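Enquirer: A predicted structure for the sequence below; I have some questions about it.
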Amino acid sequence: MEKNKEIEDLLYDVIKNAKNSAINIIYNHYYNISNIQLVRKTLLPLEENKKKGTYLEDYTIEGDINQILLNIVVLYLAYEIRVAVENSYASENVMRQSITSESLKKIEEIEEENIRKERKEKNKKSFKKVIENYIKLKE
């Protein structure tokens with residue numbers, strides 16, 4: 001997120017000077033806690049509208065249309081990148097949370113095992129004392 005302006009400037013230059021034939025982003029997409037996938041999304045060229053004749057309304061734009069369109073495309077690309085970044089952050093946080101939960105469970109299991117061992121040793125000592133006391137009483 002710190003490099004948004006740098007990315008927008010790069011996109012502006014790439015589009016204005018037609019340096020690339022396509023723009024893709026690749027990121028971790030979070031669907032749910034058990035489904036995080038690496039996604040490749042093509043941002044440019046835009047997918048053509050398959051429905052012909054879907055013209056709905058008129059609009060008017062004043063100014064340099066090339067500059068306006070260039071700014072709109074850069075804004076769109078920057079938006080798509082921001083969405084991908086947020087999805088990647090969400091995926092990373094879910095993975096961290098999952099790893100932390102698993103680690104805590106392992107720690108609890110180890111602690112329970114240590115407690116069982118301590119109790120077993122304590123029971124052995126107690127049993128040994130009982131046996132020794134019994135032997136003393138017999139003598």
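Expert: Nice, I can see it. Numbers count the residues shown, from 1 in each chain.
Enquirer: The chain: strands as residue ranges?
Expert: Applying DSSP state E to the chain gives strands spanning 23-32, 35-44.
Enquirer: To residue 82, which of these lies closest?
Expert: Residue 82 sits nearest to strand 23-32 of all the strands of the chain, at 10.4 Å, using C-beta to C-beta. Quick note: C-beta positions are derived from backbone N, CA and C, even for glycine.
Enquirer: what residues does that closest one touch?
Expert: With C-beta atoms under 8 Å, 6 or more residues apart in numbering as the test, strand 23-32 has contacts from 11, 14, 36-44, 77, 80-81, 84-85, 87-88, 90-92, 94.
Enquirer: Nearest residue to residue 19 in space, please, no chain neighbours.
Expert: residue 13 (7.2 Å; C-beta to C-beta, 6 or more residues apart in numbering).
Enquirer: That neighbour contacts residue 7, correct?
Expert: No. When contacts are counted by C-beta atoms under 8 Å, residue 13 is not listed as touching residue 7 (10.9 Å).
Enquirer: who's more crowded, the two?
Expert: Each of residue 13 and residue 7 has its neighbours counted (other C-beta atoms under 10 Å); residue 7 has more, 16 against 11.
Enquirer: Hmm, residue 78 and the more buried one touching each other?
Expert: Yes. If you go by C-beta under 8 Å, residue 7 and residue 78 touch, sitting 6.6 Å apart.
Enquirer: Average pLDDT for stretch 19-28, rounded please.
Expert: Averaged across stretch 19-28, pLDDT comes to 79.
Enquirer: how far does it sit from the chain's center?
Expert: Averaging C-alpha positions (C-alpha atoms, centre = their mean, to the nearest Å) puts stretch 19-28 19 Å from its chain's average.
Enquirer: Since that was my last question, I'll sign off now.
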